[in-house]
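1. Everything below, folded, please.
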Amino acid sequence: MVTPVAKIWMNGKMVDWADARVHVLTHTLHYGLGVFEGIRFYKTPEGPGIFRLKEHVKRLYDSCHICRIQVPYDRDTIFKAHLDVVRVNGLADGYIRPVVYLKDGPMGLLVTDDHPVGVFIATWAWGAYLGEEGLKKGIRTKIASFSRNHVNAMMTKAKINGAYVNSILSKREAKQAGYDETIMLDTEGYVSEGSGENLFMVRDGLIKTTPLASILQGITRDTVFTLAEMLGYRVVEDRFTRDELYIADEAFFTGTAAEVTPIREVDDRAIGEGRPGPVTKAIQEAYFKVVHGEDPRYRDWITVVR
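-> Residues are numbered from 1 along each chain as shown. Purely as a prediction, here's the structure:
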């Protein structure tokens, strides 16, 4: 349950939480065509700092471009609105959810370029997505029976609302079987990603992650590339199978919500020693220093809300 805050930015103005409403005939509600982002902000020495806001806003507009959705506001307006919604709600750290959606208009599957479009930006306090214990000790995962969306069945470089039904079904399956999270394979049987996270594995000192074909180009994923190389590790993009993952020395998820979460088990098989390994812990430590504004080398990744 999301704890309500005072205000939500909706279609150009701040509205009370209870008044941020859409009509029951909102097109996105019926057919799933809309796009969104997930963004975190953290307590820093200078105040709340939104992590890589510029990149998130760019990806929001890229998703709209892929889906041929015309955003009714320019990028500067949307960028500033994120700062405003954090400021007005007085949160020191939390999560931001911008959504671009098709309003109520003509029904049916034909969406024209002039269909009415709305935007809202909500924020709330949110802790560790996969649990504080998961961040410290690692999580248990299960390979899904559902395949990740094929690149010609769904646009995998856009954060499309309806695309996440695939993730919901997969995660529910894993949770009902007693696991913390799911791992999805692509349509050719190679490891793709989690329900909402990118995935890395470590073997013999080499960090490997899935190429971009079937996965979303994660901003945290990109951050980890930079931090891993800064720490002296080599990162490669290469396909790998589930049984290669079983014999990895370490594995971890990355994502705005998941941050850097170790994976201690896949399909009842311990990964390495069954606890977070040294590479994962080093990257995780570096990541949390960066997002909290404690590493001046990456200060330009943080937009402080004043």
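
2. Look up the residues forming beta bridges with W9.
-> M14, I121 (DSSP bridges).

3. residues contacting it?
-> Neighbour list for W9: 15, 81, 84-85, 120-122 [criterion: CB atoms under 8 Å, 6 or more residues apart in numbering]. (C-beta placed from N, C-alpha, C; glycine too.)

4. Show the buried residues in those.
-> Taking 16 or more other CB atoms under 10 Å as the criterion, what is buried in those is 81, 85, 120-122.

5. I'd like those residues laid out as CSV, including pLDDT.
-> Output for the buried ones among the contacts of W9, formatted as CSV (pLDDT from 0 to 100):
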residue, pLDDT
A81, 98
V85, 98
F120, 98
I121, 98
A122, 98
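
6. closest to T26 among the residues you listed?
-> F120 (11.4 Å; CB to CB).

7. my read: the closest one touches V99, true?
-> Yes: using CB atoms under 8 Å, F120 makes contact with V99 at a distance of 5.6 Å.

8. host element of I50?
-> Using DSSP states H and E, I50 falls within strand 47-51.

9. What are the contacting residues of that strand?
-> Under CB under 8 Å, 6+ apart, the answer for strand 47-51 is 39-43, 82-83, 86, 91-93, 96, 256, 291-293, 301-306.

10. tell me the mean pLDDT over it?
-> What strand 47-51 shows for mean pLDDT is 98.

11. Give me the distance from that strand to the chain's centre.
-> 17 Å (CA atoms, centre = their mean, to the nearest Å).

12. quick one: strands adjacent to that strand?
-> In its sheet, and by DSSP bridges, strand 47-51 pairs with strand 39-44 (antiparallel), strand 302-304 (antiparallel).

13. in that strand, what counts as buried?
-> Neighbour-count burial for strand 47-51 [16+ other CB under 10 Å]: 48-51.

14. Could you do stretch 151-164 as well?
-> Under 16+ other CB under 10 Å, the buried positions of stretch 151-164 are 156, 158-161, 163-164.

15. Can I get those in a markdown table including pLDDT, distance to T112 and secondary structure?
-> Listed next are the buried residues of stretch 151-164 as a markdown table, based on pLDDT from 0 to 100; distance: CB to CB, whole Å; DSSP: H, G, I helix; E, B strand; the rest coil:
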| residue | pLDDT | distance to T112 | secondary structure |
| --- | --- | --- | --- |
| T156 | 91 | 25 | coil |
| A158 | 95 | 19 | coil |
| K159 | 97 | 22 | coil |
| I160 | 97 | 18 | strand |
| N161 | 97 | 19 | helix |
| A163 | 96 | 22 | helix |
| Y164 | 96 | 25 | helix |
